[in-house]
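In: Please find the sequence and the predicted model below.
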Amino acid sequence: MESATKFSVRTTDHSDLINITSNVSRAVQELNLEYGVIHVFVMHTTCGLTINENADPDVVHDLLHRLEAVAPWKVSRDRHGEGNSAAHLKSSLLGASVMVPVSQGRLVLGTWQGIFFGEFDGPRTRTVYCTALHSK
Amino acid sequence: MESATKFSVRTTDHSDLINITSNVSRAVQELNLEYGVIHVFVMHTTCGLTINENADPDVVHDLLHRLEAVAPWKVSRDRHGEGNSAAHLKSSLLGASVMVPVSQGRLVLGTWQGIFFGEFDGPRTRTVYCTALHSK
Amino acid sequence: MESATKFSVRTTDHSDLINITSNVSRAVQELNLEYGVIHVFVMHTTCGLTINENADPDVVHDLLHRLEAVAPWKVSRDRHGEGNSAAHLKSSLLGASVMVPVSQGRLVLGTWQGIFFGEFDGPRTRTVYCTALHSK
């Protein structure tokens, strides 16, 4: 039995939040995880993962422009030659992983919760790595 | 043996950080978790979980008003009809889960660490979902 | 077989981000973790953990001064007597733990990813606690 699996996410904008809940559900099935937690991890330093509202796309719009206000693209004290330190900050603020409970082989999420992949220096194609942690 | 359990948290203010360390300790006992990690997860998108100082309530005061500065309630570019995008941002900044080590059936926390439940569009009654991950 | 181990980190500046990837790799070996996730946890409330770029030290520089902009040291509404509420906020924004996948006894990290320990009210010597979660 495999303990981990991967999938790819392709973004189309410079900053994007993509709903990957169905990809993570498929990973849970593929890994035969019945009870426990699925660990979802992004292997790139301008990306992050978060859980937030899955219903109104305006929430994603608002999150993206509010994150931009917290981490503006140009800051005069930045030194990093690639000029994408804003993306690195957003990555650290959201974090490189989310953990979602699993019960009876299904993600335990609130009604309005979805799992989102964030890219902050795209567009790019990125890898998400999922590990099954069994609780019994 | 159950692998997961839930408890409720009731907030009384619009924004609140509630110490839930004792609730999580009880979950660890209930789940017979001796060694491993307890995964604590909030099922709502205007909430978050964090670990911070448990001693001086002024730390909570300062965290709440500083989060308000990072995520002000009204921002003219917001589109989301419910008008609570600030709460969604705070939820993503703190994150929907914390993981705390467990050893000999007890939470491994530093002297000053407590586990806090944050609500940013309350008051509400909310659900926290705890999953036991055994390390041996 | 031990399920957890600790190591110390010493910082030299008031705010610092220290690459602890090799310490965490050693913990994985020590705990005989072959497949699963390593949970890395900091037991102090002015600290945080994050995963970010390991190559250009300017990224660390930029992250530190950008975090300072998000959480300035002096804010007139702060009440906490120790005057370090900025450090507590940074701790909550990064989070007290990171989880890194492990496969064939090695950390699964992207090319540019390193694990960083953040201290925001140093210099200090701090404890990091690692727990092995086996996925099979």
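Out: Looks like it arrived, so ask away.
In: Now do the longest strand anywhere in chain A, average pLDDT.
Out: Using DSSP state E to define each element, chain A has its longest strand at strand A:125-134. Averaging pLDDT along strand A:125-134 gives 98.
In: do stretch A:83-101 as well
Out: On average, stretch A:83-101 scores 98.
In: Check which residues of it are buried.
Out: Buried residues in stretch A:83-101, defined by neighbour count with 16 or more other Cβ atoms under 10 Å in any protein chain shown: A:84-101. (Glycine included, C-beta is placed from N, CA and C.)
In: confidence score at the most centrally placed residue in chain A?
Out: The structure's chain A has its C-alpha centroid closest to residue A:49; by Cα atoms, centre = their mean the separation is 2.3 Å. Note for residue A:49: predicted pLDDT of 98.
In: Now name the helix or strand holding it.
Out: Residue A:49 belongs to strand A:47-53 when assigned by DSSP states H and E.
In: Next up, the contacts around the closest residue in space to residue A:4 that isn't next to it in sequence.
Out: The shortest distance from residue A:4 to any non-neighbouring residue, by Cβ to Cβ, 6 or more residues apart in numbering or on different chains, is to residue A:131 (4.5 Å). Counting by Cβ atoms under 8 Å, 6 or more residues apart in numbering or on different chains, residue A:131 makes contact with A:3, A:4, A:38, A:39, A:41, C:36, C:37, C:101, C:135.
In: How much space separates residue A:131 from residue B:51?
Out: Distance, residue A:131 to residue B:51, by Cβ to Cβ, to the nearest Å: 22 Å.
In: next one: residue A:57
Out: 32 Å.
In: more neighbours, those two?
Out: More crowded of residue A:57 and residue B:51, by other Cβ atoms under 10 Å in any protein chain shown: residue B:51, with 29 against 13.
In: The more buried one is in contact with residue B:118, isn't it?
Out: No - with contact defined as Cβ atoms under 8 Å, residue B:51 does not count as touching residue B:118 (11.4 Å).
In: quick one: terminal-to-terminal distance for stretch A:36-48?
Out: End-to-end distance of stretch A:36-48 (Cα to Cα, to the nearest Å): 22 Å.
In: In contact with the residue nearest to residue A:12 when sequence neighbours are not counted: list those residues for me.
Out: For residue A:12, ignoring the flanking residues on the chain, the nearest one in space by Cβ to Cβ, 6+ apart is residue A:123 at 5.0 Å. When contacts are counted by Cβ under 8 Å, 6+ apart, residue A:123 touches A:10, A:11, A:12, A:13, A:14, A:16.
In: does residue A:123 count as helix, strand or coil?
Out: Classification of residue A:123 using DSSP: H, G, I helix; E, B strand; the rest coil returns coil.
In: ok, back up a step: list the buried residues of the strand holding residue A:49.
Out: Using 16+ other Cβ under 10 Å as the burial criterion, the residues of strand A:47-53 that qualify are A:47, A:48, A:49, A:50, A:51, A:52, A:53.
In: Leaving out sequence neighbours, find the closest residue to the fifth one.
Out: So the one you mean is residue A:51. Distance criterion Cβ to Cβ, 6+ apart; nearest residue to residue A:51, sequence neighbours excluded, is residue B:96 at 4.3 Å.
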